[in-house]
Every structure is written in structure tokens, then in C-alpha cells.
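In: sequence isn't available, so here's the structure alone:
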């Protein structure tokens, strides 16, 4: 088995060994904006990839490429699977299909799950393939209709080479919609255009101080996923430290493990676990007889965990980010220095000029690591706490795969990238009081930028220059401020603002009260934001 699929094996191990472990389904909202209908909120299951716009909404026209002409002016033919499955690029269909995008408008593609018969396909048609093909065709988001009436589930990208390449380029969100709701959307599409709103505003519980966790691993032998974890730590550490120093967040690094159920004498338990199978990590190179063992990974994880604890004890929790970044790039299985000596060297370098420098800090770290014989029977409180956190309490969702981010007890869904994760954290604050970093352009789109949705909706350009209208960018989107000659209009279905121009010549007394307009051969001529 290749190293590139190691993390899938780790996830399966968690699912096999952890009590009641499951991949939690995180639900977003879907509302039909047009045509008018009596449907309320529809639920969609977020895929575990892509870029959901946490804290915001996306209103778009529904697009359903289909071999039947009852949905479109053309019947789009794809081979070997029909176009409605999205298993191939749409520019290869007959006729070629690409969304004709118009400024200020968004498009949400609807596709079907499957097909279950993969005959003729080079590989199964994965959810990630559908999302990537939809993105290339111009879609701003994807909804996939379930092919059975059962419960919704979370789509996870496989770890093959093609999927990995698609994941690296994924920039839209994707979700699964139930079969009954999907069929209802298709019924509406047969009658005419349909617009829907994807809602990510209530995905995270709101708190004044956001609590979040990053479930990770010190092992570097899991291919692209390990590389992504290291890049995320490097890219996010400055922001994470600043937010924690400012008291805006409470952060806790976490390390996944599992309990071996084969019995203490089983080979799997002996090499991958300590304490007779009570605490285990998967073998990093998938070889129980050679190289580093799962127990080696577990103990390196514990070193990182202990570092986080003693750094927090002295009031410098942000030091963990420096330790995790440095150990990930220094102590490597591939370089055969994934060991206590390397970890100790990293410790000394990271704590220089901090309160952990010198013998006191080293002693605190080693005291945390000293839990007796590895083959003992006594429980290890710190690791029991990790297992309990993994299972979750009350409203917390169970962690079953890594890497995983959990914000205010809810699992994040999307790409492990600094802007996307920070956006999810920002969605955990009450609306309108998000930290200023949440509205920076690397985190949130500037909707008021020329050509973007807010710019167009608020009737910007010359009107803004003259002070008639103003687009104010917000974390959730934008709001319009409408002055003389314009009227603020809020769409009842979407809550979207627009500045609508007032025709003073029709809706005011100007034509018969102003001297220049009321003479026999005079006329009131409406102009943008004014009249003459």
C-alpha cells in the first residue's frame, strides 16, 4: 500500500477502533429564491473539500446540464456517462457546454450522484470530479442530488493522483442535497429558471471568544496531506498567535489516536501502541516489522502535546506554532531523525529567549513526558483526555479523520488553507463584531471592488464619487448606503441590498412645482441620481 494513501488507512483505523466514531455530517442551508414557493429551508451536507463561504450566502441561478431538452435549449450529450453526472469535462460534450457568465450574477450547478454502473469510465465518478468539472465550466458552487432517499452523507475526496491534482485547484464549494429535494428542484427547472441561495451563516455557533482545535499529526509520511498540514501551520501561525495574544480565541492543538481491540498480544497492538493497546497511532510506513512504528509516532505526538501544555502554563500558548512548524521541517521520518534527540534540539531552539529557556523549561517538558513504562497498565490522564476530546461531549462532533479543524464544537468542512480556516473561525463570532482581520481581502472578498457584486448592486462608480451611493464591505458580504436620488431596496427573499435609482419625474411633485419643469412646453427629464 502506497504512502500517499496512508491517511485514508489512518481514518479507517479510527473508524474501526474508536467507540461510536463517525464522520459527522455538517449541514448548510439552501433556499429557493425564485420562483416563489412554500418550501422552507432545505438542508445540504457540506463536502469535506472546496471553499464554503462561512458566514455568508451565495445567491445564484441553478444550472442543470442534461441530455433531455426539457431542461435546456440544447440536449447536452456526454460519453460514457450522461452530462447530468458531470463525470467528464463539459467542453467535451456535444454541443460543448460552458456557463455564459454575466457580471454581478452567480451560477450554481446541479448534478446527479453516480452513475452506479461505472462501465466505460476510466475510474469511478467521484464527487471531487463533479466539483472540478463544474468549476471549470464556470460554476460558483455545486449541488449533487443523492441517488437514494436515505440520509445525507459527507463527500470525501479519494487520495489517488487525479483527485489530489483536482483538490489543489478547487476553489468552489460543494454539497449533497437529498433525493426528494433534488427532484423538486428539477421539477421547477422543467418549468423555467430557478434561483437558489446557499447559506453558510449559521454553520458555527456564535461566541464572543471563539474556541477552536486543530487535529493533526507529527508524522511526515502521509504524502500531500502531511505537506498541507505543514504549509497550513507555516501560513497560519502568525495570525493564530496574534488572535490568541489579543484574547480573541482559545486554541488547542490535538493529536488523534485509537484504542487497539485485537488484544495486547496482537502484533498490531505491540508495534503501534503503548500501555497494552490503550493508546495507538497507525504505522507511518505501513510496515509493522521495519522502520518507525506507530508507537514512535504516538510518542512524538505526545512531545508536541506536552510542549503545548507547558507553553500554555507560562502564558505563551503561541509557542506551539513555532515548535510544530520547526519540528515538521526538521525531524523527519524520511531523513531518519524522527526521534527524541531531534525533538529536544527543536525544543531548545524554539524556547530561546522565552520563560521556557534553560533547565526549568526542559524539566517541565520532560516531567510531562514521564508517565512510566510504556508496557504498564496504568491509564495516562493526558492521553485519556485526548481520547475523550476526540469522541466529543454534548454538542461536539466526533473526530474521525485528520487533519480536522473544530470551531466552537463544530467541524470545519473545506480546504486546509489559512484563508478558509480563518473564515470559519470568524463565522464563530456574533454578526457585526468579527475581528478586523476577518474583513481583510485575503480572508473575505471585497464585494465593493469594481465589478464585484456589491459594487454593481449599490450602483457605484460615478455615483459613489459624487457621494450619492456607497458600498460598505462586510464579513458577511456588503451593505449599501443610498443617498439623494437613490432608494435602498432589500430583497425579501435574500436580504441583499441594492441602491435603486429614483425617477424623480414620475414619483415626485417636481414636474408641476419646479419652474423649469411646469411651463407648457417644458419637460422633466430623469438623470442618474437626479433630474433636469
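Out: Okay, I see it. Computed from a predicted structure; not experimentally measured. Numbering: from 1, shown residues only.
In: which intervals of the stretch 151-300 of the chain have sub-threshold pLDDT?
Out: Along the stretch 151-300 of the chain, no part satisfies pLDDT under 70.
In: would you agree residue 282 falls within a strand?
Out: No - looking at residue 282 with DSSP: H, G, I helix; E, B strand; the rest coil, it is coil, so not inside a strand.
In: tell me how far it lies from residue 254.
Out: 16 Å (C-beta to C-beta, to the nearest Å). Where C-beta positions appear, they are placed from N, C-alpha and C, glycine not excepted.
In: look at those two and report which has more neighbours.
Out: residue 282 (25 against 21; other C-beta atoms under 10 Å).
In: surely that one meets residue 297?
Out: Yes - with contact defined as C-beta atoms under 8 Å, residue 282 counts as touching residue 297 (7.4 Å).
In: ok, residue 87 - contacts?
Out: Contacts for residue 87 (C-beta atoms under 8 Å, 6 or more residues apart in numbering) come out as 78, 80, 81, 115, 121, 125, 129, 130, 133.
In: and if we set it to 7 Å?
Out: 81, 121, 125, 129 (C-beta atoms under 7 Å, 6 or more residues apart in numbering).
In: and what of residue 158?
Out: By C-beta under 7 Å, 6+ apart, the neighbours of residue 158 are residue 126.
In: next one: phi and psi at it?
Out: phi -70, psi 170 (degrees, to the nearest 10).
In: over to residue 76?
Out: phi -80, psi 120.
In: how close does it get to residue 111?
Out: 12 Å.
In: now residue 70
Out: 17 Å.
In: those two: who's more crowded?
Out: residue 111 (27 against 10).
In: who does that one bridge with?
Out: residue 144 (DSSP bridges).
In: isn't it right next to residue 81, touching?
Out: No - using C-beta atoms under 7 Å, residue 111 makes no contact with residue 81, being 10.5 Å away.
In: please list the outside residues in contact with the one helix or strand residue 134 maps to.
Out: Per DSSP states H and E: residue 134 is located in helix 127-136. Applying C-beta under 7 Å, 6+ apart, the set of residues contacting helix 127-136 from outside is 47, 49-50, 86-90, 109, 111, 142, 144, 155, 157, 163, 166-167, 170-172, 174.
In: with stretch 263-280 instead?
Out: Residues contacting stretch 263-280 (C-beta under 7 Å, 6+ apart): 257-260, 262, 281-283, 288, 293-295, 298, 374-377, 379-380, 383.
In: inside helices: which ones of these?
Out: Among the contacts of stretch 263-280, the members falling in helices (DSSP state H) are 294, 295, 298, 383.
In: could you single out the nearest of these to residue 40?
Out: residue 383 (44.9 Å; C-beta to C-beta).
In: now do the contacts for that closest one.
Out: Applying C-beta under 7 Å, 6+ apart, the residues contacting residue 383 are 257, 279.
In: which residues in the stretch 1-150 of the chain form strands?
Out: 27-34, 42-46, 57-63, 107-112, 141-145 (DSSP state E, counting those that start in this stretch).
In: can you check which of these gets nearest to residue 446?
Out: Among these, strand 57-63 sits nearest to residue 446 (C-beta to C-beta), with 16.0 Å.
In: ranges for the helices of the stretch 101-250 of the chain?
Out: 127-136, 161-169, 179-191, 223-245 (DSSP state H, counting those that start in this stretch).
In: please state the offset of the first one from the chain centre?
Out: The reference is to helix 127-136. 16 Å (C-alpha atoms, centre = their mean, to the nearest Å).
In: so which bits of it are buried?
Out: When burial is assessed from 16 or more other C-beta atoms under 10 Å, helix 127-136 yields the following buried residues: 127, 128, 129, 130, 131, 132, 133, 134, 135.
In: need phi/psi at residue 411.
Out: The phi/psi pair for residue 411 (degrees, to the nearest 10) is phi -80, psi 140.
In: right, and it touches residue 27 too?
Out: No - using C-beta under 7 Å as the test, residue 411 is too far from residue 27 to be in contact (11.2 Å).
In: pick out whichever of those two has more residues nearby.
Out: residue 411 (26 against 17).
In: quick check, pLDDT for the closest residue to the more buried one other than its chain neighbours.
Out: Excluding its sequence neighbours, the residue lying closest to residue 411 (C-beta to C-beta, 6 or more residues apart in numbering) is residue 397, at 4.7 Å. In this model, residue 397 is scored at 74, pLDDT.
In: how about residue 451?
Out: At residue 451, pLDDT is 88.
In: now a PyMOL select for only the buried ones of the contacts of helix 127-136.
Out: Per 16+ other C-beta under 10 Å, the buried members of the contacts of helix 127-136 correspond to this PyMOL selection:
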select buried, resi 47+49+50+86+87+88+89+90+109+111+142+144+155+157+163+166+167+170+172+174
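In: give me the below-cutoff pLDDT ranges for the stretch 401-532 of the chain.
Out: Ranges of the stretch 401-532 of the chain meeting pLDDT under 70: 504-524, 526-532.
In: which stretches of it form helices?
Out: 418-426, 453-457, 462-465, 504-507, 510-513, 515-518.
In: what's near enough to touch residue 101?
Out: Here residue 101 is in contact with 107, 138 (C-beta under 7 Å, 6+ apart).
In: please report how far it lies from residue 387.
Out: Applying C-beta to C-beta to residue 101 and residue 387 gives a distance of 49 Å.
In: do the same with residue 410
Out: On the measure of C-beta to C-beta, residue 410 and residue 387 end up 20 Å apart.
In: pLDDT weak spots in the stretch 1-150 of the chain?
Out: In the stretch 1-150 of the chain (pLDDT under 70), the answer is 1-23, 72-73.
In: now with 50, please.
Out: 1-22 (pLDDT under 50).
In: quick one: the residue nearest to residue 411 from residue 390, how far?
Out: Residue 397 is 11 Å from residue 390, by C-beta to C-beta.
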